[in-house]
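In: here is my input; please provide its structure:
(chains A and B)
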Amino acid sequence: MRGKPKKKIFLSITAVLVLVIIFHGLGWLSSIEQHVRGLFIPASDTLYSWSVGAEDNVEKFESVESLEQAYADLRKRHLALMVDRSQLLSLQEENRTLRSQLKFTASSTAVYIGAEVVGKRVDPLGSTVVVNVGDEHGVRIGYPVISGEGVFIGTVAESRRGSAVVRLLNDNQSRIAATLHSQDKSIGILEGQHGISMQMNFIPQNERVDIGDIMITSGLQESIPYGLPIGTVSQIEREPYQPFQVAQITSLVNLDKLRIVSVLIP
Amino acid sequence: MIALLIRTSVALVLTIGLLLLHLFFQYTLPYPLVTIDVFTIAAVVYIVSAERGAVVWYGAIGYFLLEAISGGTFGVYLLAGTLSILLGYWLHAYVVTNQVWHGVILVATVITVSKFALLLITSALLGEVLFPDVSRLFSFVGYSIVGASGISLGLQWLMAKTPLYTTKRLYSTYE
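Out: Predicted structure coming up:
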């Protein structure tokens, strides 16, 4: 390398890399990439399952007081959920009765494709996971992905043969049309925040939002049906001089410990 | 020719092993240990000990393999990672030119900082506009530099203690 001008070396290396990227875009490298994935994804799957299983039932608290507070909050939430559940059951019964009276037929034809998370991206620039279903299973970009518990966790960002990349809701580029189960049923855009959290912006000041309100998908986005649970309001930022308020949303599941997910094929 | 083939094959096998090690660290280690970049450490150790420009191509292969199996826009890590290793190699070849401890830290720092800077630039060029949390990005980069420098220094020290390394230096292309 000595003796050759640095500029020439830099340009030639950059040219080779750009060519590789262009060939990837044209699909000329897909067979090589497929073989690479076939070689590494089993290992990635094993390593990822180790990492998820390592701290499955461990949650850390900074002090005894925070543990006691968390326990008290949990009991309160459990009681509220029991009350909601009883109301939900009666509403379900009422809904069933009304539907049969109107002879309403089920219009949902969504298919659920089960998948395992086999890898994830770990850097401050993105929050994505890799799942072991792809093109051949009918997975396409934009399809919603839910966790094993039925919580909406993200959308398909890239689909290829044998695997797909799912952009999680807390990814910086994630934008989802959502609504709050609040008094005013606030509708807005749920935005990911640097792989850490999510927030809903531009909620009018006059709309009431409470901590604990449940957020669901609004159904206003293509391929994403209405009613998928997302999370709960954990914090509200409300300044009197601002026209809008911001709600911080915490997912109902731990997005760092995903293992079994499902892709909704509309 | 045979020696070149053997050397290239060994390097490829090592690159695959490094990729598996990288995945292991990324998935299992907690923050801030997860900021350890195995490719950066391997590049620093190779640049300082072997002093060969082939490290750039080995890095390109490693990042290509990483891009093939991970999420994100293809080419972002390939461009950023490879060019940052090139910058680190030039720094060692034309500025540091010696196996001193501060040279190792400087090369590790330059590779890490340039990689993240290029990541943001290449992401923007490839249509993935990112607005990362600046404070989190700075702390991530800071921990990466500390991790890469510390581990590279430790590995260099260990390698210097082994008789094989001291009696038969890996050849240099600088003379």
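
In: mind checking the SS state of residue 39?
Out: Answering for chain A, as no chain was given. Per DSSP: H, G, I helix; E, B strand; the rest coil, the local secondary structure of A:L39 is helix.

In: that's the wrong chain, I meant chain B
Out: helix.

In: what pLDDT does the nearest residue to it once chain neighbours are set aside get?
Out: What sits nearest to B:F39 in space, not counting adjacent residues and going by CB to CB, 6 or more residues apart in numbering or on different chains, is B:G62, at 5.3 Å. C-beta here means a position set from N, CA and C on the backbone, and glycine is covered the same way. pLDDT for B:G62: 91.

In: ok, now B:L137?
Out: 78.

In: can you give me the neighbour number for it?
Out: Residues lying near B:L137 (other CB atoms under 10 Å in any protein chain shown) number 18.

In: the one 4 residues further on now?
Out: Residue crowding around B:V141 was assessed by other CB under 10 Å; the count is 18.

In: for it, pull up the helix or strand it's in.
Out: helix B:134-161 (DSSP states H and E).

In: buried ones in that helix?
Out: By 16 or more other CB atoms under 10 Å in any protein chain shown, the buried positions in helix B:134-161 come out as B:137, B:140-141, B:143-149, B:151-153, B:155-156, B:159.

In: is it anywhere near chain A?
Out: Yes: using CB under 8 Å from any CB of the partner chain, helix B:134-161 comes into contact with chain A via B:R136, B:L137, B:F140.

In: so the first one is in contact with A:N172, correct?
Out: This points to B:R136. No: using CB atoms under 8 Å, B:R136 makes no contact with A:N172, being 11.0 Å away.

In: find residues that contact each of those two.
Out: A:H194 (CB atoms under 8 Å, 6 or more residues apart in numbering or on different chains).

In: could you give the number of residues near residue 28?
Out: I went with chain A, as the question did not name one. Around A:W28 there are 11 residues (other CB under 10 Å).

In: to clarify, I was referring to chain B.
Out: If we define neighbours as other CB under 10 Å, then B:T28 has 16 of them.

In: local confidence estimate at it?
Out: B:T28 is given a pLDDT of 81.

In: now it, nearest residue through space, not along the chain?
Out: A:S51 (4.5 Å).

In: can you pull the contacts of the residue nearest in space to the middle of chain B?
Out: Nearest to the geometric centre of chain B sits B:T40, at 2.0 Å (CA atoms, centre = their mean). Going by CB under 8 Å, 6+ apart, B:T40 touches B:S84, B:A108, B:I111, B:T112, B:K115, B:S144, B:A148.

In: is it true that the first one touches B:S114?
Out: Yes: here B:S84 lies in contact with B:S114, judged by CB under 8 Å, at a distance of 4.2 Å.

In: burial of residue 62, as a residue count?
Out: All of this refers to chain A. With neighbours defined by other CB under 10 Å, the count for A:E62 comes to 7.

In: actually it's chain B I care about, not the one you picked
Out: 27.

In: that one in helix, strand or coil?
Out: helix.

In: what do you get for A:M200?
Out: With three-state DSSP as the basis, A:M200 sits in strand.

In: just the helices in the stretch 1-150 of chain A please.
Out: A:6-26, A:30-54, A:64-102 (DSSP state H, counting those that start in this stretch).

In: same thing with chain B?
Out: For chain B, helices defined by DSSP state H occupy the ranges B:2-28, B:38-49, B:54-69, B:76-91, B:101-125, B:134-161, B:163-167.

In: mean pLDDT lowest for which of the ones you listed?
Out: helix B:163-167 (a mean of 52).

In: got the helices of chain B as a markdown table, with distance to A:K185 columns?
Out: Below are the helices of chain B laid out as a markdown table (distance: least, CB to CB, whole Å):
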| stretch | distance to A:K185 |
| --- | --- |
| helix B:2-28 | 40 |
| helix B:38-49 | 49 |
| helix B:54-69 | 42 |
| helix B:76-91 | 39 |
| helix B:101-125 | 36 |
| helix B:134-161 | 33 |
| helix B:163-167 | 69 |
